[in-house]
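Enquirer: just need the structure, nothing else, for what follows:
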Amino acid sequence: MIENDEYQLRGQRVEKLEPEAIDKVAQKIVAMFKIKPSVLKKMDVFIEYLWNEHSLNIEMVEDSKWLNVADALCDPSTFTIAMPQSLYFKITKEHDLPSIYILFHEIGHLTLGHKAVLHHAVTQPTECEDSEWQADYFAGAVLDLLGEYRYKQLTLF
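Expert: Model prediction:
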């Protein structure tokens, strides 16, 4: 039986990162990727920049071929973020902030260096060890730095 104070992981258990540490990473990424508030209205240009300058590939998958296991997925081994076509268009054409949040969430997984390292730990996991919580926090921190409301990803399939 799980006690009420035990944290339930939503993702992989990773190295613990406190909010302050994630804020610092977000600040470095915003500076390194030259992210300014105006980028939010030119996400197609930003995505091209990510590929040309940082070899970060955003792969668009036809909606009919998307397996719906998550809103988007990242592969650290290939530095690739895959997403369904409908999400890509919400980001690049509609400039939909919750969809942009999902992109930054996936960038968070990559830039925070997420890999499962504590899956055999004997202690109970904490929020700060949850890869999904960390990526959510990172995405919110980036949007905060751009003067936008801190969105929270509400759905995980």
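
Enquirer: where do the strands sit along this protein?
Expert: If DSSP state E is used as the criterion, the strands of the chain fall at 57-61, 73-75, 80-84.

Enquirer: and the shortest one, what does it pack against?
Expert: This points to strand 73-75. Under the contact criterion of 3 or more CB pairs under 8 Å, 6 or more residues apart in numbering; DSSP states H and E, strand 73-75 touches strand 80-84, helix 97-111. For every residue, glycine as well, the C-beta is placed using N, CA and C.

Enquirer: for Y7, which of the strands of the chain is the nearest?
Expert: Y7 lies closest to strand 73-75 among the strands of the chain, at 22.9 Å (CB to CB).

Enquirer: residues contacting the closest one, please?
Expert: Strand 73-75 is contacted from outside by T80, I81, A82, M83, E106, I107, H109, L110, using CB atoms under 8 Å, 6 or more residues apart in numbering.

Enquirer: stretch 49-66 too?
Expert: The set of residues external to stretch 49-66 that reach it, using CB under 8 Å, 6+ apart, is 33-34, 47, 78-86, 88, 103, 107, 110.

Enquirer: mind listing what's buried in that stretch?
Expert: By neighbour count, with 16 or more other CB atoms under 10 Å as the criterion, the buried positions of stretch 49-66 are Y49, L50, L56, I58, M60, V61, W66.

Enquirer: only C-alpha atoms, please: export that stretch in PDB.
Expert: The C-alpha trace of stretch 49-66 is given here as PDB (Å, rounded to 0.1, in the frame of the first residue of the first chain):
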ATOM      1  CA  TYR A  49      17.600  27.500 -36.400                       C
ATOM      2  CA  LEU A  50      17.700  24.600 -33.900                       C
ATOM      3  CA  TRP A  51      18.600  22.200 -36.800                       C
ATOM      4  CA  ASN A  52      21.000  24.500 -38.600                       C
ATOM      5  CA  GLU A  53      22.900  25.800 -35.500                       C
ATOM      6  CA  HIS A  54      22.500  23.000 -32.900                       C
ATOM      7  CA  SER A  55      21.700  19.900 -34.900                       C
ATOM      8  CA  LEU A  56      18.500  19.400 -33.000                       C
ATOM      9  CA  ASN A  57      16.000  17.700 -35.300                       C
ATOM     10  CA  ILE A  58      12.300  18.300 -35.000                       C
ATOM     11  CA  GLU A  59      10.700  15.400 -36.800                       C
ATOM     12  CA  MET A  60       7.100  15.700 -38.000                       C
ATOM     13  CA  VAL A  61       5.100  12.500 -38.100                       C
ATOM     14  CA  GLU A  62       1.800  12.200 -40.000                       C
ATOM     15  CA  ASP A  63      -1.100  12.100 -37.600                       C
ATOM     16  CA  SER A  64      -2.300   8.800 -39.000                       C
ATOM     17  CA  LYS A  65       1.100   7.200 -38.100                       C
ATOM     18  CA  TRP A  66       1.500   8.800 -34.700                       C
END
